[in-house]
Each structure stands twice: as structure tokens, then as C-alpha cells.
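**Q** Turn this into a model:
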Amino acid sequence: MTAIQLDVLFKKIQKDDKKEILEFHVLGDEIPHKSELIGMAGGVAILEIGDVKLSAEFKSIQRDSKKAALKFEAKGDSEDKIIRLYPKAGSNVKLSLEPSQMSIEDFNDGHEGIGYTVNGDGTASVPSDQMSMDDVEEPEEEIDDEDDLLD
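**A** All right, here's what the predicted structure looks like:
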């Protein structure tokens with residue numbers, strides 16, 4: 001599939017934990033390449049805005065009477081590129097979109113967590129090499145009184 005070119009209003013960049021949400025508005029009654037955009041929603045897309053090119057998850061496309069809002073989620077690994085986009089926010093830009101070869105599973109770097117098993121009585125068993133609260137050293141000096149905190 002070839003890239004889709006759109007003239008859009010780069011509405012905003014919103015930082016949230018480890019991700020950045022980019023929102024673009026396609027103004028007007030007709031949305032160019034509507035069926036292709038709907039087909040790309042929910043997948044990973046390659047965005048090109050000016051000289052900045054990055055991969056982002058195409059989170060949603062929302063249509064109302066005056067505009068269509070396109071929302072993308074860029075992950076932390078593209079932070080340098082996102083910083084270069086901040087001056088463009090709030091202005092009209094040319095947005096180039098194309099589907100990525102990357103799957104959502106590849107894009108979302110999941111946190112594996114700590115392995116454990118749940119026993120029949122509802123308690124959890126963890127690997128023996130995992131640190132426990134008993135392994136944590138106590139502070140050298142105990143604070144006996146709240147007044148000591150003010151000193």
C-alpha cells in the first residue's frame with residue numbers, strides 16, 4: 001500500500017506516563033482516503049510530518065460534523081523525534097501515513113513481571129532466588145518521634 005497524504009491540523013501532543021498521544025484533525029465534510037484510514041485504525045502506522053518519521057499505534061479515528069480526529073500513540077523509544085514535533089503542534093501540516101510491517105505485539109513492549117504460582121489455599125509461591133522483605137536492610141537510625149522529622 002502506498003502512503004496516504006493528508007493536509008491536517010496537528011491539534012496536540014499529550015504526554016502520558018511512557019507514551020505520547022498525537023492528535024490530528026482532518027477538516028471538512030469529506031475525508032480523503034476514508035476507507036484506507038479506517039482499515040489502518042488499530043494497527044501500527046509510519047507517520048511522516050515534515051522531516052520527522054516515526055512508528056505509532058493508530059489508536060482511533062473519530063468523526064463529527066466538522067472534522068475527523070486521528071489519534072496515534074507513539075512509544076518512548078521515539079522521544080527524540082517527538083521533541084522535534086512539538087514546534088509543529090497547533091499548525092497545519094502535511095501528514096503522510098502508511099501501514100507498518102510491525103504487528104501490535106511487536107510494537108507494545110510488554111512487561112513480563114515476576115513469575116509466581118498460586119497455591120490451592122490462595123497464597124502465592126515465588127522463586128527462591130527472589131528478594132523478600134526480610135532481605136531488605138533496616139535503616140541505621142530509627143525515628144522515634146515525629147518531632148525528630150523536623151530537625
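**Q** Tell me which residue lies nearest the centroid of the protein.
**A** The centroid of the chain falls nearest to residue 19 when counting by CA atoms, centre = their mean (3.2 Å).
**Q** I'd guessed it sits against residue 79; true?
**A** No - between residue 19 and residue 79 there is no contact, the gap being 10.5 Å when judged by CB atoms under 8 Å. (C-beta placed from N, C-alpha, C; glycine too.)
**Q** All the strands of the protein, residue numbers only.
**A** Taking DSSP state E as the criterion, the chain carries its strands at 4-16, 19-27, 44-49, 52-63, 67-75, 92-99, 117-118, 124-125.
**Q** ok so, going back, once you drop chain neighbours, what's closest to the residue nearest to the centre of the chain?
**A** residue 73 (5.2 Å; CB to CB, 6 or more residues apart in numbering).
**Q** For that neighbour, list each beta-bridge partner.
**A** Listed by DSSP bridges, the beta-bridge partners for residue 73 are residue 21, residue 57.
**Q** Can you name the residues that contact residue 22?
**A** Residues in contact with residue 22, defined by CB atoms under 8 Å, 6 or more residues apart in numbering, are 10, 12-13, 47, 56, 71-74, 85.
**Q** Sort out which one of those residues lies nearest residue 93 for me.
**A** Within those, proximity to residue 93 (CB to CB) peaks at residue 10, which comes in at 4.8 Å.
**Q** What residues sit buried inside stretch 13-31?
**A** Neighbour-count burial for stretch 13-31, with 16 or more other CB atoms under 10 Å as criterion, is recorded at 13, 20-26, 31.
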